[in-house]
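Trainee: this is a predicted model, with the sequence first.
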Amino acid sequence: MDKQNFFKRTGALRITTTIIIIITMIFLEGCWSRKEIEDLAIVSAAGFDKIEVMGQEKYRLSFLVVRPRQLGGGQQGGGAVEYNPDWLISEIGDSWFDAGRNVSQRSPRVIVMYHNEVTFIGQETAKKGINDIVDYMQRHKDVRLRSMVIVAKQSAQSIMQTLPEVEQILSNEVTELLSKGNNRVSKSYAVDLKEFSETLITPGQDAVAPAIKAIIPVESAGGQRGAKETQQTVILDGLAVFKQDRLAGYLTPSETKGFLFMMGKAQGGIVPVEFQGPEKGRVSLSMSRSSSEYKPTIRNGRLIMEINIKTEADVVEVDGGVPVGDPAVIKELSRAYSESVRILAQASLDKARKELKADIFGMGIHVHKKYPKYWHEIEQVWYDIYAELPVTIKVDGQVRRTTMISDPLTIQ
Amino acid sequence: MTIIVGDIMLNQWKKLLKKVFHKPSNTQGTGADRGQDIPVSADLAQNVACLRSVFDRCSDIIVREFDVGPGISLRAAIIYVDGLVNKKMLSDDLVKTLMYEAGKLKEKASGKNAADFFSEKLIAFTEVKHQRSMNDLVDSVLTGETILLVDGINSGFALSAQDWVQRGLQEPDTETVVKGPREGFNENLQTNIMLIRRRIKSSGLKFETVKIGEYTKTAVSICYLEGVVNPKTVGEVKKRLEGIKVDGILESGYIEELIEDAPLSLFPTVQSSERPDKVAGGLLEGQVAIMVDTTPFMLLVPVTFPQLLQASEDYYLRWPFASFIRGIRFVTLNIALLLPPLYIAVTTYHQEMLPTPLLISIAAAREGVPFPAFVEALIMETTFEVLREAGVRLPRNIGQAVSIVGALVIGQSAVTAGLVSPAMVIVVALTAIASFTLPSYSGAFALRVLRFPLMALAAGLGLFGIMVGLLAVLIHLSSLRSFGMSYLQPLTPTVWRDFKDMFLRLPWWMMDTRPKLMGKMNTVREEPGQKPKAPKRVRRTMK
Amino acid sequence: MPILTVGDRYQDVWIAGILATLMGAANALFLSWIASLFDGRTVVEFLEALGSSLLAKITGLIFVIFTMHVASITLRDFGELMVTSFYGETPLIVFLVVFALLTAWSAYAGLEVIVRAAQFLIPLTVLGILISSTLTFRVDGLENFFPLLEKGISPVVRGGITQWAFYGDVAIWFMLLPHLNRSVRHYLFMPLSVLLAGGLLVTVLLFIVISLGARLAAIQTYPFLLAVETVSVADFIERVEGGFLIVWVAANFIKIVVFFYTAVFTMGKILKLNDYRPLVLPLTVIMVSLSILLFENYDQLRNFFRPEVYAAYVSIIQVFIPLMLIVVWLARKKRGRAQ
């Protein structure tokens, strides 16, 4: 008998049958993971709140779902009722995932979170600890590391109830506020999920997240500008500071500026300086860049920290006839600028150390990097050491330009 | 998937198929006019009778008997096919000479060397063949030669006075160029050979002609450049051509299918072209051309997949532009093959990979579209293929109308009616345009067909499905060979020096070698160091 | 590979990678020296020529089991990645079967075709990995490397051993030698390929630490995928995981196919078949079943790659069989001299 041939022929039959079965499998049932794009409820923002329901702690997850048809794209929407371009939907459950799935009872479309750009965490929830939220977001395959984490000064849901003023959907408005607007004012700081989780799990650094609150804008509060009713909108309001995974408190916008100087991340924003020369006046300086350097040293068995901040600024406004065209004045101005920055930084450091007791600057990391062995000895008591740590802040501020005019106008 | 099925079936069922369809080989001798061979006799009447019986009921065969004169009584006859010969030439140079001048010659033909006498003294034709067998005579008549039979001479003269109506040398429709020669092959083998010879004036350029086809007796010329071509390839081509036993060859496509390496593959392992400059270029690189009479499409072997992306114009444009166009072509190759599958995969499985605004606008456009993306794509692609086929089949003027109907009705109205989404129309249009940029007609066909299984895979398994499909195609391509050459050469096996004519077209002064393996026998293409330099400015010296 | 090796929670993982590469290269040098004894035969034929056909059969069988096992594990690992990060609702078996069929077909087409395809795919893969790695680069990530060697050298060595185990794969050349072109028979390609693969691995590890940091990377199931997810160049080059998927499919395909082919080929040699092809389908079925049956859950698979388990497992083929070969060869030589 021709053994080879036998194997071959039966083999061929088997291959063909298997392939036919596979093809039928793919075509008849091949829709396991298939989701048509119009069947998706694209979540643009998510809000996490823990609430009390009949004495029990429940998880309330809110989503802002995009309504694509309302966002321009489709031409055939005519005649349909006008909706908001984003749809707020929230549901309560026994865990975050449970709540998230419960939403499907009301949503005709599949909730997908890969375009979730903003994550709001309610204030009260943040105070109770956010480890579960971060776990949910990291474990969920949809949620991307680049989505922003924001702490709401009310409940997350109440922030999501506001309407955007310029952009079409709220998530866009918030991300643009954080990324574009913030660079010009340095009073808040955008944190994405990756950075947030990184700071949470790194010993020697505590997490921060931008804080946001809903306000009724004063401009339309009196019914001006043809506002139909008073509608709330959002405003960034400093930074939320976490100690471990619990919300410890907030930095005010001005303390946030100090914090950003400390981190070397301030990129723009105004520092007004009271000039004390022969001609008194207030000069506004627009800071253009900053960097910081941490130098922990152990002297006589005691840890001390030296922080060097370098920053540059331009003169953008002169009030009171300070002759900024004069090099000597500029020099004096630079000194005054450095001092202002130092005060700002010191204020944020004091607030973080004394009041919030959180190492948001990552001083522990710098100690860790420079003195790994020493760090392991003090890791357990780091917060005590941190509270008492002698910190010197040195600021090297330079005023670079007087921009379009040099000396101020002399009114005659 | 189809490829997988196809290839496994090929290997496995070859034997089975053979058993089912195998018939005893008796193809020889089925031809009607291939009776027993008889020699030409010395008796004219007998010969003419014989020929008349062979060409019974062939009204296009003309048999004309006349007397050679003046003064001698010698019967002669000419036989030819009406329409294939130049009648004026026959009557002026042959019939007239024989009737009025032959008798005036002083010498007379004597029985033995009468044949030589005739061909040397009387027949004023450049090509004269002595045919001694009746079958040869018949073949000569059928190929357009004129037969002269003279009483008492036991051979026939086959005179070449062929002249028939042929199409002029027009610019080929399939491979148009902006810059470069405009003439294309026509349906006449002699003209086509002339076109090649005019380009390569070397005695190394060989044409070996064989006749294929039991009834059609089509002349097939194997053309190569001796000293450059790999003799093994020539031998292989001859072997494969000899193996062809069919009743007729009407177009080079018949030959292509009968000699190609991978008959079940979608990918062509034989290149075809109607441009003489392209064929000449191929010959210079060591390819063998198979030129078939009665068709303007010539075949070139061996061919590799990258060669299917080379157009002849690439070599006439300056190299930076040619390289740029090559780059574009690689992009369009991928678009033509992958854009619809990618669109399906991304919109039905991998929405996370789309930027948010794009996702939202696609989602908005797809609202209310009744079909899933795959079905939508299938409908649109099929519609496009239908339109394209209609455009080819219809007379040119109506073709215009079809394209207008296609563009307006299918494109505009379908979108307005909400049957398809605008995004899908863009995808299909882009794919269609991209597939037109590929120079090889059959190569582009392969991609067009492959697109459909890839779309199905994308609909079934998303990007993973596409990747599986592409890997299958890659495995298939890697296993292909064309007349001993790996189909993916020079990509794999990697021949670095052949990369100069691959993604880029390097300047001619750098193209110093022929492709490896193809032009194995003589790899040097040009003298090195020919990079042109501006002459140094000579300072004029005072004298 | 990167998905498994960053499990060690420290920022010096790349030093371990370099260490492992050097160890692997040294090991490969040793293996290639042994391979040079074969004189272009497979290990099975070599042992048979030495007169110990039983030993030859056992060694061959070990090779078959090893390669089948590794192919199945890689297949499962690949399928798990697909299910976890790209296709949540699709059953695992779909990926396994589809991929296994592709593998079977390639094995059917023979080594030449596999190598041709690999020659095409490997540059693409390497390029893909390098590009996606560089895209994840960010300057502040450089600080993630410090402090260097925080916990001393021992965890680095431990990690090095785990990673070293992966380079044992070159041992499969013991079976594929006869297919080798004569011109590369000086066997330097074995350590060289280890160095190349190691270079790639270290690059990936470096960029993972840069983009994610060791701590965040350590808790991820697929750190490299996450690293690629963070890519954002000028708000334009974003969401490039598709490229990752493509590269991953290609890379896994090559690995599975080569191992599977070796298994089938070796099996054919043991059974003394002229043609290994009849074995392709049965072994494909076995491979798919194995990949499902081997591990009950993904954590078991992860644990299999702990140094205690995997390094020990691989040293059977990487250390013990080569040593055994030397012993047999020396003994044979001695006997030959004595006669």
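Mentor: Nice, thanks for sending it over.
Trainee: how many other residues sit next to the closest residue to chain B within the stretch 51-200 of chain C?
Mentor: Minimum separation of the stretch 51-200 of chain C from chain B (CB to the nearest CB) falls at C:Arg116, amounting to 3.6 Å. (C-beta placed from N, C-alpha, C; glycine too.) Using other CB atoms under 10 Å in any protein chain shown, C:Arg116 has 26 other residues around it.
Trainee: C:Met68 too?
Mentor: 22.
Trainee: mind listing what it touches?
Mentor: With contact taken as CB atoms under 8 Å, 6 or more residues apart in numbering or on different chains, C:Met68 is in contact with C:Phe259, C:Phe260, C:Ala263, C:Leu283, C:Ile286, C:Met287, C:Leu290.
Trainee: and which of those is nearest A:Lys180?
Mentor: C:Phe259 (51.3 Å; CB to CB).
Trainee: once you drop chain neighbours, what's closest to that closest one?
Mentor: The shortest distance from C:Phe259 to any non-neighbouring residue, by CB to CB, 6 or more residues apart in numbering or on different chains, is to C:Ala71 (4.0 Å).
Trainee: among the contacts of C:Met68, which two are most distant?
Mentor: C:Phe259 and C:Ile286 (13.0 Å).
Trainee: more neighbours: those two, which one.
Mentor: C:Phe259 (24 against 16).
Trainee: pull the longest strand from chain A.
Mentor: The single longest strand within chain A, with elements called by DSSP state E, is strand A:280-299.
Trainee: the helix or strand just after it pairs with which strands, and in what direction?
Mentor: For strand A:280-299, the following helix or strand on the C-terminal side (DSSP states H and E) is strand A:302-319. In the sheet, strand A:302-319 lines up against strand A:280-299 (antiparallel), strand A:391-401 (parallel) (DSSP bridges).
Trainee: figure out which of those is closest to A:Tyr383.
Mentor: Nearest to A:Tyr383, of these and by CB to CB, is strand A:391-401 at 14.6 Å.
Trainee: so what's C:Gln163 up against?
Mentor: C:Thr5, C:Ala16, C:Gly17, C:Leu19, C:Ala20, C:Thr21, C:Gly24, C:Leu201.
Trainee: meant to ask about C:Tyr310
Mentor: Applying CB under 8 Å, 6+ apart to C:Tyr310 gives the contacts C:Thr162, C:Ala165, C:Phe304.
Trainee: just those residues: which are in helices?
Mentor: When DSSP state H defines the helices, the subset of the contacts of C:Tyr310 inside them is C:Thr162, C:Ala165, C:Phe304.
Trainee: let me see the ranges of the strands in the stretch 151-300 of chain A.
Mentor: Along the stretch 151-300 of chain A, the stretches classed as strands by DSSP state E, counting those that start in this stretch are A:208-215, A:233-243, A:246-251, A:270-276, A:280-299.
Trainee: the first one versus strand A:233-243: what angle between them?
Mentor: The directions of strand A:208-215 and strand A:233-243 differ by 150 degrees, with axes from the mean of the first three to the mean of the last three CA atoms, to 10 degrees as the criterion.
Trainee: could you list every helix and strand in contact with strand A:208-215?
Mentor: Strand A:208-215 is packed against strand A:148-152, helix A:156-160, strand A:233-243, with contacts defined by 3 or more CB pairs under 8 Å, 6 or more residues apart in numbering or on different chains; DSSP states H and E.
Trainee: partners of it in the sheet?
Mentor: The pairing partners recorded for strand A:208-215 under DSSP bridges are strand A:148-152 (parallel), strand A:233-243 (antiparallel).
Trainee: how distant is the shortest one from the center of its chain?
Mentor: This means strand A:148-152. 6 Å (CA atoms, centre = their mean, to the nearest Å).
Trainee: now tabulate the helices and strands packed on strand A:208-215 in JSON lines and tack on mean neighbour count and mean pLDDT.
Mentor: JSON lines is the format used below for the helices and strands packed on strand A:208-215 (neighbours: other CB atoms under 10 Å in any protein chain shown; pLDDT from 0 to 100):
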{"stretch": "strand A:148-152", "mean neighbour count": "26", "mean pLDDT": "91"}
{"stretch": "helix A:156-160", "mean neighbour count": "23", "mean pLDDT": "88"}
{"stretch": "strand A:233-243", "mean neighbour count": "22", "mean pLDDT": "88"}
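Trainee: dump the ones you listed to a markdown table, plus distance to B:Phe267.
Mentor: Conversion of those to a markdown table gives the following (distance: least, CB to CB, whole Å):
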| stretch | distance to B:Phe267 |
| --- | --- |
| strand A:148-152 | 49 |
| helix A:156-160 | 56 |
| strand A:233-243 | 59 |
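Trainee: tell me which of these lies nearest to C:Leu142.
Mentor: Checking those against C:Leu142 by CB to CB gives strand A:148-152 as the closest, at 24.0 Å.
Trainee: got the angle between that closest one and strand A:246-251?
Mentor: Using the same axes, to 10 degrees, strand A:148-152 lies at 80 degrees relative to strand A:246-251.
Trainee: now strand A:148-152 - C-alpha only, CSV.
Mentor: The C-alpha trace of strand A:148-152 is given here as CSV (Å, rounded to 0.1, in the frame of the first residue of the first chain):
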residue,chain,number,x,y,z
MET,A,148,-7.3,63.6,31.8
VAL,A,149,-8.0,63.2,35.5
ILE,A,150,-9.9,66.1,37.1
VAL,A,151,-11.3,66.6,40.6
ALA,A,152,-14.7,68.2,40.8
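Trainee: give me the buried positions along the strand or helix carrying B:Gln46.
Mentor: Assigned by DSSP H and E, B:Gln46 belongs to helix B:44-54. Residues B:Leu44, B:Asn47, B:Val48, B:Cys50, B:Leu51, B:Val54 are the ones in helix B:44-54 that count as buried (16 or more other CB atoms under 10 Å in any protein chain shown).
Trainee: thank you, goodbye.
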